[in-house]
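> Sequence first, then the predicted structure, then my questions.
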Amino acid sequence: MTMRWGPEPGAGGQTTFRLWAPDRDAVTLEIDDAAALPMERGEGGWFAVAAAAPAGTRYRFRLSDDLAVPDPASRAQDGGVNGWSVVVDPAGYRWRSDDWAGRPWEAMVIEEVHVGLLGGFAGVAARLPALVDLGITAIELMPVNAFGGTRNWGYDGVLPYAPAESYGTPDDLRALVDRAHELGISVFLDVVYNHFGPDGNYLGEYAKGFFHADVKTPWGGAVAVDEEPARRFFIDNALMWLEDYRIDGLRFDAVHAIANNGFLDAMAAEIRERVTRPVHLVLENESNDADRLAAGKFDAQWNDDFHNVLHVLLTGEDDAYYADFAERPAERLARCLSEGFIYQGEGSPNHDGKPRGTPSAHLPPTRFVSFLQNHDQIGNRALGERLTLLAEPAKLRAATLLLLLSPQVPLLFMGDTTGSESPFLFFTDFHDELADAVREGRRGEFAKFAAFADPAKREAIPDPNARATFDRSRAQEGPQAAEWQALYRRLLAVRHERIVPHLAGATAIGAEAVGEAAVVARWRLADGATLTIALNLGDTAITVPANEPVAAVGTPGDAASAAAWIDPA
């Protein structure tokens, strides 16, 4: 029998507790205000015991006189990631939106949001009606699982099953999903299965086999997903979010750092078998592995190539990974619009000339999630600047038309729709030596950039642990907020009325560079109509169709313009 992680509530307030601790000879279950219970060691290093522990019971595992640890599959915490785990009844919430049938993938317009910056799960729920008004059909929550401290940008989680206390309770998260479904909004969740954060991860104290010490990632030893207990840990976590919280889809962070396609395929297959309602699975994969998408187990992949080449065109930046897109950017954008990935096996300068990617022209455009900004592309900048401060406003509006009306699935970042000029910074809540290491490590990352070669300039990079860094990262409305909202509302109305109904089965016809910073792209929609988009981020005019576009930013063909036409079959 395959053992399962985490507490399993039963009848009469009884709960079965389990822990995989192959490196320990004895483990004791400690229940707050009750006698400790020795756990029975079974096959394969699994320990288990049943106890009277109804929902709300606080517990932890005692490994030695000086070490008690939380349940790595805790469903809730009391006192942070180093505190007590709490028994949760997954069936205790009374759902209101039982008739929710989900949305087809082609109908998605996704906004990525950070729950902590928006005031917790209740704060996100309060914001949903405004998103509906604009035409946004889905939200993607940056990781919500427990992390060290009370604030974190999302990717230092250590207890993947437990919603962060500072965001709200498990039922508060369910209430957010419930409210979204009542309003017709899908909810996606970003999950991190490639590493753990530095504060509160005790797995190495009792299960060193959970990690491959000799396989390095940027965050430490790689998770050993080829081992059944580790494999089960993450697959069951994905299923929990989809079944217990009714999440509509998952975005798997940096799967190139997992480097185990068998695990990814097995996880997707089990999800498809177990969850009978429509759910959507999306990858982040720097490897540009089109085979993962062609197999049909995953719906789409974040297309960093789309962002990177447009960032070069909008800002002129060519540092670090932008160097891969600095030459002939319009030609590269044309390939992205017609074939999906730009890098399909070519050598990448940023990867020492090593090949990156596989052919993707055979994939439908909806296999790709496109974006102008996201948490990575802003938060990984030293000062967290948004495109509203880096690009000419007219050119940014033109690029927004391409984002919202191309057949690729658009992803926005919170604050985009109001033209926010607030930074989104890298922030944490670590203390003592760890805080010092994170602050200095963050500043050291930018030493190779010309703008921060001077140590004094690096000192100006905000301290991730300062409360002010977190507070500054809240998306404030920009000076032209009303104009930006009107633009998004107008373009998304065109997308939903004229494009989305015909996206399933749409194919690319082709795209071409018509200037150093201008592209014309065409797609065949499912009803036989032709969608044409002309984007001109250059300073001279280009030739475009003479008939009336369905949407335009600026005068079609002029510098800093974009327009879309739909010609019937």
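Alright, I've got the coordinates. Numbering: from 1, shown residues only.
> Output the below-cut-off pLDDT ranges for this protein.
By pLDDT under 70, the weakly predicted segments of the chain are 1-2.
> centroid residue for it?
residue 190 (4.0 Å; Cα atoms, centre = their mean).
> how much space between it and residue 153?
11 Å (Cβ to Cβ, to the nearest Å). The C-beta positions use only the backbone N, C-alpha and C, and glycine is treated the same way.
> Surely the residue nearest to the centre of the chain touches residue 145?
No - the pair residue 190 / residue 145 is not scored as a contact, 9.9 Å apart, by Cβ atoms under 8 Å.
> Can you show me the strands along the stretch 351-500 of the chain?
354-356, 368-371, 409-413 (DSSP state E, counting those that start in this stretch).
> Please render the ones you listed as JSON lines that adds distance to residue 274 and mean neighbour count to the earlier fields.
Listed next are the strands of the stretch 351-500 of the chain as JSON lines, based on distance: least, Cβ to Cβ, whole Å; neighbours: other Cβ atoms under 10 Å:
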{"stretch": "strand 354-356", "distance to residue 274": "34", "mean neighbour count": "15"}
{"stretch": "strand 368-371", "distance to residue 274": "24", "mean neighbour count": "24"}
{"stretch": "strand 409-413", "distance to residue 274": "25", "mean neighbour count": "26"}
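> Select, out of those, the one closest to residue 40.
strand 368-371 (46.5 Å; Cβ to Cβ).
> what packs against the closest one?
Packing partners of strand 368-371 (3 or more Cβ pairs under 8 Å, 6 or more residues apart in numbering; DSSP states H and E): strand 300-302, helix 304-315, strand 409-413.
> Neighbouring strands of the first one in the sheet, and parallel or not?
Based on DSSP bridges, the pairing partners of strand 300-302 within the sheet are strand 280-283 (parallel), strand 368-371 (parallel).
> Let's have those in a markdown table, adding distance to residue 254.
Shown next, in a markdown table, are the strands paired with strand 300-302 (distance: least, Cβ to Cβ, whole Å):
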| stretch | distance to residue 254 |
| --- | --- |
| strand 280-283 | 9 |
| strand 368-371 | 15 |
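> Need the single longest strand in this protein, by residues.
The strand that spans the most residues within the chain, counting by DSSP state E, is strand 507-515.
> Tell me what angle the helix or strand that that strand is followed by forms with strand 507-515.
Per DSSP states H and E, the first helix or strand lying C-terminal to strand 507-515 is strand 518-524. Angle of strand 518-524 versus strand 507-515, following axes from the mean of the first three to the mean of the last three Cα atoms, to 10 degrees, is 170 degrees.
> Now strand 518-524 - C-alpha only, PDB.
Below are the C-alpha coordinates for strand 518-524, written out as PDB (Å, rounded to 0.1, in the frame of the first residue of the first chain):
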ATOM      1  CA  ALA A 518       7.500  46.200 -36.600                       C
ATOM      2  CA  VAL A 519       5.600  42.900 -37.200                       C
ATOM      3  CA  VAL A 520       2.500  41.800 -39.100                       C
ATOM      4  CA  ALA A 521       1.000  38.400 -37.900                       C
ATOM      5  CA  ARG A 522      -2.000  36.400 -39.100                       C
ATOM      6  CA  TRP A 523      -4.000  33.500 -37.700                       C
ATOM      7  CA  ARG A 524      -6.800  31.400 -39.100                       C
END
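> can you tell me how far the nearest residue to residue 301 once chain neighbours are set aside sits from residue 302?
Sequence neighbours aside, residue 283 is the residue nearest to residue 301 in space, at 4.5 Å (criterion: Cβ to Cβ, 6 or more residues apart in numbering). Noted for residue 283: a distance of 7 Å to residue 302, by Cβ to Cβ.
> which residues does the residue nearest to residue 73 when sequence neighbours are not counted contact?
In this structure, residue 73 finds its nearest non-sequential neighbour in residue 6, 3.2 Å apart by Cβ to Cβ, 6+ apart. For residue 6, the contacting residues are 18, 71, 73, 74, 75, 161, 236, by Cβ atoms under 8 Å, 6 or more residues apart in numbering.
> Helices of the stretch 51-200 of the chain, start to end?
If DSSP state H, counting those that start in this stretch is used as the criterion, the helices of the stretch 51-200 of the chain fall at 120-134, 170-182.
> export the longest one as CSV, just CAs?
In this case it means helix 120-134. C-alpha atoms of helix 120-134 as CSV (Å, rounded to 0.1, in the frame of the first residue of the first chain):
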residue,chain,number,x,y,z
GLY,A,120,-5.0,38.2,2.4
PHE,A,121,-7.6,35.9,0.9
ALA,A,122,-10.4,38.3,1.9
GLY,A,123,-8.7,41.2,0.2
VAL,A,124,-8.4,39.3,-3.1
ALA,A,125,-12.0,38.3,-2.9
ALA,A,126,-13.0,42.0,-2.4
ARG,A,127,-11.2,42.9,-5.6
LEU,A,128,-12.9,40.3,-7.9
PRO,A,129,-15.9,42.4,-9.0
ALA,A,130,-13.6,45.0,-10.5
LEU,A,131,-11.8,42.3,-12.5
VAL,A,132,-15.0,41.0,-13.9
ASP,A,133,-15.9,44.6,-15.0
LEU,A,134,-12.7,44.8,-17.0
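> That helix to strand 409-413, inter-axis angle?
Using the same axes, to 10 degrees, helix 120-134 lies at 130 degrees relative to strand 409-413.
> next one: helix 120-134 to chain centre, how far?
18 Å (Cα atoms, centre = their mean, to the nearest Å).
> What is the burial count for residue 218?
8 (other Cβ atoms under 10 Å).
> who touches the closest residue to residue 488 other than its chain neighbours in this structure?
Using Cβ to Cβ, 6+ apart and skipping the chain neighbours, the partner closest in space to residue 488 is residue 417 (4.7 Å). By Cβ under 8 Å, 6+ apart, the residues touching residue 417 are 111, 134, 136, 484, 485, 488.
> how close does residue 417 get to residue 491?
For residue 417, the distance to residue 491 - Cβ to Cβ - is 11 Å.
> Same check on residue 531?
According to Cβ to Cβ, residue 531 and residue 491 sit 13 Å apart.
> try residue 57
Going from residue 57 to residue 491 by Cβ to Cβ gives 51 Å.
> cool, residue 407 as well?
Distance from residue 407 to residue 491, by Cβ to Cβ: 14 Å.
> Mind checking what secondary structure the residue nearest to residue 508 when sequence neighbours are not counted has?
Among residues not flanking residue 508 along the chain, residue 338 sits closest, at 4.5 Å (Cβ to Cβ, 6+ apart). In three-state terms, and counting by DSSP: H, G, I helix; E, B strand; the rest coil, residue 338 is helix.
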